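> Provided below are the primary sequence and the corresponding predicted coordinates.
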Amino acid sequence: MPVFKVWNGARTVKKATVASTLAEIKEKGAQKVLLPPCIHPVDITVCLEEDGTIIDEDEILIELGGKTLLILGPQEIWQPVVVNTALSPSSAPVTCAPSQQKVNSSVGIPQSPPSVLLEAAVPMDPLTDISDLLQSLVKAPLPKFSPLVQNHLSGTCIPSVIWQKMIRECGIYYMENFPDIRDQSAYKVIGEKMYKRYPNIALEGERPWSVFTKNLSQHIRHQRHQMKIKSKTGFQQESSAKDPPTKRLCFRPLQMSNSLQEVSEEDIGRHVEEIQAEWKKQPANRSGDHIKALLRNTRQDRVSFLVETPSGSISKILERYPCLTDSSYIIYELSLMLGSERVATMVKNLKTLLFVVEDISNITPQSQNDPLRMLPVILYIEKRIKMKHGGKSSSSVTSKAASVITLAEDVADEDIKSILKTKECEAPHVVAFTTGSELTGLYIVGDTRHITIDKKEGIMSAVLKLIATYYVFDLSYPKSHSMILGLLQSFVVEEAFKQKTSQGYKVLSKEIREKWNVCIAEASQ
């Protein structure tokens, strides 16, 4: 069996292992280089350490026995070991800002300052025939980086770990705002603008920004590849609690953070300590307005945290921000992302969905204000839209998709804790406790944690807050809940669900849309 050297992305952990398949090298390599256990194998990339070539076939892996491989997590990209050309070859792998008189490593002749180099040595291409995309890139502002990255870009040195973070933040910005970016000329425009604004990104290469644009294009290609894999394979296997929900890759958190006032890292640290101290108080003594103000001022910290958090993990951010274990602050966080008007529209849409499905299913509520009223509606939708496997006949085997709401009836007090217990990285879902016909407790559970919901708010509020949880923590829907959450996304959030759907999903969606339009028409009269 071939022996491989496996290193982590930062090249600080170096181990050896044996493997004969790509799946095996991912599994063993991730353990060897200490990647977080939450990371799903599909989010792990294996590449050659020397040049970043991605290994994606077993046959290729076998031929590379003895080579050194990098085992990269979902937010990591390959980058060369960077040595400042003005320093000795033994210098640390850190990219440093060029001096005003940078010495050419090959001929020893002082070069012009970066601004002169940009204008004279590498002039901009004529824009007479430039595409609309290139024109947009030329006019668009550069990404607004997190304070940590911004400080290093404006300073004298860019450590390797900050370089990776900068590439990730650039990738999020350009994939969100310019999803069609692919051509080399587009990356040239980006690199040139970045270099002119931040000359210390310059590294040895064909052009001062060549390493930057290569890293950025590789990162964006990798993210597209991961999304393509998930869209093809996301619903072809049975659900398992071992399969963590992966990143939604919607990039909304960073986009919304660009409109917020930046706060220094020192102030963020102080605000986080204030939140934690406030949460240690008795509930009656907590100041909700103060907590919300602190959440708003630390929004950029959670944005950065989400970018770096392993797929499927919510426990780490809940430890840092314990107030988010109260679902009312999940809704507040959602309003910071989408705006309060958008959240109010979601509430209205969820009520409309309730009325429409009750009409379609002939469900008669026990009372208009029954806190359990939404439960039969959700169960009806799930039954109608289940993914089926096993052939085209009516006797096809229905997949064992778990309900997004777990109903725990007549549970003894000593058993509540065990029911709320979840596995590491388990997908968030609702748990409702009942005694007879009375709702006695409501929670969102997942990744070993639980988020409390006021039982007086009822199942409808729990469904809204579950949707908010997936958006706030930037999670993709697990296979077990994908159909119901996708339908809720379409009608409640008003965002198209683009993954594979069942025939039942398509049929019911059409019925809901027809009834929905009737409701809107009647309401407008």
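Received it, and whenever you're ready, just let me know what you need. Numbering: from 1, shown residues only.
> okay, and the helix or strand of this protein with the least pLDDT?
When each helix and strand of the chain is scored by mean pLDDT, DSSP states H and E, helix 114-116 comes last, with a mean of 35.
> any idea which helix or strand comes after it?
helix 132-139 (DSSP states H and E).
> Please state the offset of that next one from the chain centre?
Centre-to-centre, helix 132-139 and its host chain are 27 Å apart (C-alpha atoms, centre = their mean, to the nearest Å).
> Could the C-alpha coordinates of that helix be exported in CSV?
The C-alpha trace of helix 132-139 is given here as CSV (Å, rounded to 0.1, in the frame of the first residue of the first chain):
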residue,chain,number,x,y,z
ASP,A,132,-19.6,44.4,-19.3
LEU,A,133,-18.2,42.2,-16.6
LEU,A,134,-14.8,43.8,-16.8
GLN,A,135,-16.3,47.3,-16.8
SER,A,136,-18.3,46.4,-13.7
LEU,A,137,-15.1,45.1,-12.0
VAL,A,138,-13.3,48.2,-12.9
LYS,A,139,-16.0,50.4,-11.4
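> Check which residues of that helix are buried.
Judged by neighbour count using 16 or more other C-beta atoms under 10 Å, the buried positions of helix 132-139 are 133-134, 136-137. (Each C-beta comes from the backbone N, C-alpha and C, glycine too.)
> Tell me which two in those are the farthest apart.
Spatial extent of those (C-beta to C-beta) is set by the pair Leu134 and Ser136 at 7.2 Å.
> Please name the residues that touch Pro428.
Contacts of Pro428 were listed using C-beta atoms under 8 Å, 6 or more residues apart in numbering, and they are 245, 314, 444-447, 451, 466, 469-470, 473, 475.
> Please repeat the previous calculation with a cut-off of 10 Å.
245, 312, 314, 404, 422, 444-447, 449-451, 465-466, 469-470, 473, 475, 477-478, 481, 485 (C-beta atoms under 10 Å, 6 or more residues apart in numbering).
> In its sheet, which strands sit next to the longest strand seen in the chain, and in what direction?
As assigned by DSSP state E, the longest strand anywhere in the chain is strand 438-446. Applying DSSP bridges, strand 438-446 is found paired with strand 429-435 (antiparallel), strand 449-453 (antiparallel).
> Which of the ones you listed sits closest to Phe212?
strand 449-453 (38.3 Å).
> May I see the buried residues of the closest one?
Quick answer for strand 449-453 (16+ other C-beta under 10 Å): 449-451, 453.
> Could I get the CA-only coordinates of that strand as PDB?
Output of strand 449-453 as PDB, limited to C-alpha atoms (Å, rounded to 0.1, in the frame of the first residue of the first chain):
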ATOM      1  CA  ARG A 449     -26.700  22.300  22.000                       C
ATOM      2  CA  HIS A 450     -30.300  23.500  22.300                       C
ATOM      3  CA  ILE A 451     -32.000  26.800  21.700                       C
ATOM      4  CA  THR A 452     -35.000  27.700  23.800                       C
ATOM      5  CA  ILE A 453     -38.400  28.900  22.400                       C
END
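> Averaged pLDDT, it. What do you get?
Mean pLDDT, strand 449-453: 96.
> so which strand or helix has Arg168?
With DSSP H and E as the criterion, Arg168 is inside helix 160-177.
> no, scratch that, I was asking about Ser367
Applying DSSP H and E, one finds Ser367 in no helix or strand.
> Next up, the contacts around it.
Contacts of Ser367 by C-beta under 10 Å, 6+ apart are Arg373.
> what about it, distance to Glu438?
13 Å (C-beta to C-beta, to the nearest Å).
> before we move on, what about Gly446?
Gly446 sits 25 Å away from Glu438, going by C-beta to C-beta.
> Of those two, which one has the most company?
Gly446 (28 against 10; other C-beta atoms under 10 Å).
> and Ser335, what is it in contact with?
292, 296, 341-344, 468.
> what do you get if the cut-off is 6 Å, keeping everything else the same?
Counting by C-beta atoms under 6 Å, 6 or more residues apart in numbering, Ser335 makes contact with Val343.
> One more: Leu137?
Contacts of Leu137 by C-beta under 6 Å, 6+ apart are 186, 189.
> pLDDT value on it, please?
87.
> Give me the distance between it and Asn177.
Taking C-beta to C-beta, one finds Leu137 at 9 Å from Asn177.
> Over to Val211?
In terms of C-beta to C-beta, Val211 sits 23 Å off from Asn177.
> So for those two, which sits in the more crowded spot?
Val211 (21 against 15).
> Work out for me the element that one sits within.
Assigned by DSSP H and E, Val211 falls in helix 210-233.
> Please enumerate the strands of the chain.
3-8, 14-18, 45-48, 68-72, 95-96, 157-158, 388-389, 397-398, 405-409, 429-435, 438-446, 449-453.
> and of the ones you listed, who's closest to Ile62?
strand 3-8 (10.5 Å).
> Adjacent strands (with direction) for the closest one?
strand 14-18 (antiparallel), strand 68-72 (parallel).
> Same list, the ones you listed, but as TSV with mean pLDDT and distance to Glu192 please.
Formatted as TSV, those follow (pLDDT from 0 to 100; distance: least, C-beta to C-beta, whole Å):
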stretch	mean pLDDT	distance to Glu192
strand 14-18	90	36
strand 68-72	92	28
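> Could you say which of these is packed most deeply?
strand 68-72 (a mean of 23; mean count of other C-beta atoms under 10 Å).
> Pretty sure Glu426 sits against Val445.
No. Between Glu426 and Val445 there is no contact under C-beta atoms under 6 Å: 7.8 Å.
> of these two, who's got more company?
The residue with more neighbours, out of Glu426 and Val445, is Glu426; 22 against 19, by other C-beta under 10 Å.
> Need phi/psi at that one.
Dihedral angles of Glu426 (phi, psi; degrees, to the nearest 10) stand at phi -60, psi 140.
> Among the strands of the chain, which comes closest to Lys280?
strand 449-453 (16.3 Å).
> now that closest one: how far from the chain's centre is it?
For strand 449-453, the distance to the chain centre is 21 Å (C-alpha atoms, centre = their mean).
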